[in-house]
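J.: sequence-free structure coming up:
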């Protein structure tokens, strides 16, 4: 059946609908699973695996776990097997999953909106120390990730998290992942609108709801009323961005279809203004379109961004309005250009109530359980009961009285958590990397930390905002395509013809209203050993050649290949 504007259930390109089973869209009547992932989801909802973890696997141990639970459904509860130690990057794509699997897990704690009480943070830190060998990385989606988790300990970890209002429910898997939000929602002086009530209502309705627990693939969400555009809305499946409508006042601009990985796409505006109390309904409509119309035949085309690219914004909005909301949305304005280059809230800032919040920078998101408990202690000692995580792998302590600010900043410095970081400390992010990730090819965390130290030593006068993102594989968890300097891990040849860890370089990516993907210089690959020399060389050329006020991304777009090599 050919696609027509009146038949949105059919896939748009004719070459696709000619395939005898289509793209596996439920709305087109294609319910027969077309791959192994769709089959195990049909066999049993991923949410049901919790009972087996609690009653069977945690009691009988790792070897008792069904393979479809181990590498599939357990993700619905935030669990991935981690990489077996000692397997080099050259074997990542060669070995079978069971050869890569260690008998330990990564466990992801979802932190919607990045919002934590000091009590919750202390529990996260205590779990890290007791069950995770001290690990507790802050992700670029505001979560915390543990490693070295034993299946025997998972029920007790859940009990402790849930006792303080936290969970790992749908932190991974083909589900609605964490809803990221402005870490200063409700407190920032310049806030357009506080999106926290919408995050809470979406969580109540959607998370753990079996109507939305079998999506074609992951579904990433963002809601922020900050004029800094502080949630990377451009690369989420759905995003609500604070704007002021000339007639209706503060609300949200609706974006859909963003995402990175190996086929990156910037989200598109639907041109619709959504008031705060309608955000949950619109969110439910968008995720329902993904569930019903999303492509389920091929995993590498199962993200919402591919449906949006095929349909276009106009058709997507029409289907949302006509089939799901049963009403028209109000047309609205686009967000204004941010006035600040940094969007991470690092430093000391006044709140709308006259108190202050203090944002600080761990090294590439790497902390540990002991440090997290100390942060909770420091926050409370300085009058605060609330902390936040950011999408830049940073943290914030809220509600600090003016007379307590200097003492807090000094105490953080003593923990190597600076509120006055160099551009390199502030702007460098790294994914998990080969240390724990089964997809990774190269090391990232330690290399990112050492790169910060080298650049601070070599270019101490560099004072421009710069983002340097390191990723251990092509999947772009660390957002390499939208960094000033994005580094995609791969094996490369050194001067002696040996295969070693290295990076493909992306230059000049950006988020914001000038969002775009970094430029790749033909043949440019850098070994891990050469990385500090390369970055130093490019940044010094930028300093020498830049025009007044020119951003690195703008310079990189016009610079010669020789200057970027």
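T.: Received it, and whenever you're ready, just let me know what you need. All values derive from a computational prediction rather than experimental measurement.
J.: can you give me the strands for the stretch 401-550 of the chain?
T.: 428-430, 468-471, 485-493, 499-507, 519-527 (DSSP state E, counting those that start in this stretch).
J.: so which elements touch the shortest one?
T.: Spelled out, it's strand 428-430. helix 445-458, strand 468-471 (3 or more Cβ pairs under 8 Å, 6 or more residues apart in numbering; DSSP states H and E). Where C-beta positions appear, they are placed from N, C-alpha and C, glycine not excepted.
J.: roughly how far does residue 305 sit from residue 217?
T.: Using Cβ to Cβ, to the nearest Å, residue 305 is found at 10 Å from residue 217.
J.: brain fart, residue 251
T.: To residue 217, residue 251 is 29 Å away according to Cβ to Cβ.
J.: same drill for those two, tell me which one is more crowded.
T.: Between residue 251 and residue 217, residue 251 has the larger neighbour count (other Cβ atoms under 10 Å), namely 26 against 22.
J.: which of the helices and strands packed on strand 428-430 sits closest to residue 528?
T.: Between residue 528 and the helices and strands packed on strand 428-430, the tightest spacing by Cβ to Cβ is seen for helix 445-458, at 6.2 Å.
J.: for that closest one, what is the distance to the chain centroid?
T.: Distance, stretch centre to chain centre, for helix 445-458: 23 Å (Cα atoms, centre = their mean, to the nearest Å).
J.: same question for stretch 149-159.
T.: Distance of stretch 149-159 from the chain centroid (Cα atoms, centre = their mean) equals 24 Å.
J.: state the distance from the residue most central in space within the chain to residue 395.
T.: What sits nearest the mean C-alpha location of the chain, by Cα atoms, centre = their mean, is residue 141, with 3.6 Å. Noted for residue 141: a distance of 14 Å to residue 395, by Cβ to Cβ.
J.: again, but for residue 192
T.: Counting by Cβ to Cβ, the gap from residue 192 to residue 395 is 23 Å.
J.: who's more crowded, those two?
T.: Applying other Cβ under 10 Å to residue 192 and residue 395 shows that residue 395 carries more neighbours, namely 29 against 21.
J.: residue 384 is in contact with that one, correct?
T.: No - using Cβ atoms under 8 Å, residue 395 is not in contact with residue 384, being 12.0 Å away.
J.: in contact with the closest residue to residue 59 other than its chain neighbours, which residues?
T.: Closest residue in space to residue 59, ignoring its immediate chain neighbours: residue 152 at 7.7 Å, by Cβ to Cβ, 6 or more residues apart in numbering. Contact analysis of residue 152 by Cβ atoms under 8 Å, 6 or more residues apart in numbering lists 58, 59, 61.
J.: please, where are all the strands along the stretch 151-300 of the chain?
T.: 176-181, 219-224, 238-245, 249-256, 268-274.
J.: include distance to residue 344 and mean pLDDT when you put those into TSV, please.
T.: Converted to TSV, these look like this (distance: least, Cβ to Cβ, whole Å; pLDDT from 0 to 100):
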stretch	distance to residue 344	mean pLDDT
strand 176-181	13	98
strand 219-224	13	98
strand 238-245	17	98
strand 249-256	20	98
strand 268-274	24	98
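J.: how many neighbours does residue 123 have?
T.: 23.
J.: against residue 129, how distant is it?
T.: Counting by Cβ to Cβ - residue 123 and residue 129 are separated by 11 Å.
J.: and what of residue 301?
T.: Taken as Cβ to Cβ, the span from residue 301 to residue 129 is 42 Å.
J.: more neighbours, the two?
T.: More crowded of residue 301 and residue 129, by other Cβ under 10 Å: residue 301, with 20 against 16.
J.: could you measure from the closest residue to that one other than its chain neighbours over to residue 35?
T.: Closest residue in space to residue 301, ignoring its immediate chain neighbours: residue 295 at 5.0 Å, by Cβ to Cβ, 6+ apart. As judged by Cβ to Cβ, residue 295 and residue 35 stand 11 Å apart.
J.: those two: which has the busier surroundings?
T.: residue 295 (25 against 13).
J.: can I assume that one is in contact with residue 27?
T.: No - counting by Cβ under 8 Å, residue 295 stays clear of residue 27, with 11.2 Å between them.
J.: first-to-last residue distance for stretch 515-523?
T.: End-to-end distance of stretch 515-523: 24 Å, with Cα to Cα, to the nearest Å as the criterion.
J.: contacts for it?
T.: With Cβ under 8 Å, 6+ apart, stretch 515-523 has contacts from 234, 264, 266, 480-486, 504-510, 553, 556-557, 561, 564-565.
J.: just the buried members of those residues?
T.: When those are checked for burial by 16 or more other Cβ atoms under 10 Å, the buried set is 234, 264, 266, 480-486, 504-510, 553, 556, 564-565.
J.: shaky segments in the stretch 1-150 of the chain?
T.: 1-21 (pLDDT under 70).
J.: hang on, the earlier thing: in JSON lines, list the strands of the stretch 401-550 of the chain along with mean pLDDT.
T.: As requested, the strands of the stretch 401-550 of the chain are exported to JSON lines (pLDDT from 0 to 100):
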{"stretch": "strand 428-430", "mean pLDDT": "96"}
{"stretch": "strand 468-471", "mean pLDDT": "96"}
{"stretch": "strand 485-493", "mean pLDDT": "95"}
{"stretch": "strand 499-507", "mean pLDDT": "95"}
{"stretch": "strand 519-527", "mean pLDDT": "89"}
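J.: can you list these in a markdown table and add distance to residue 356?
T.: Shown next, in a markdown table, are the strands of the stretch 401-550 of the chain (distance: least, Cβ to Cβ, whole Å):
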| stretch | distance to residue 356 |
| --- | --- |
| strand 428-430 | 25 |
| strand 468-471 | 29 |
| strand 485-493 | 32 |
| strand 499-507 | 36 |
| strand 519-527 | 39 |
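J.: nearest to residue 172, of the ones you listed?
T.: strand 468-471 (18.0 Å).
J.: and that closest one, what does it pack against?
T.: So strand 468-471, by 3+ Cβ pairs under 8 Å, 6+ apart, packs with strand 428-430, helix 445-458, strand 485-493.
J.: just those: most buried one?
T.: Each of the helices and strands packed on strand 468-471 was scored by mean neighbour count; the highest is strand 428-430, a mean of 28, by mean count of other Cβ atoms under 10 Å.
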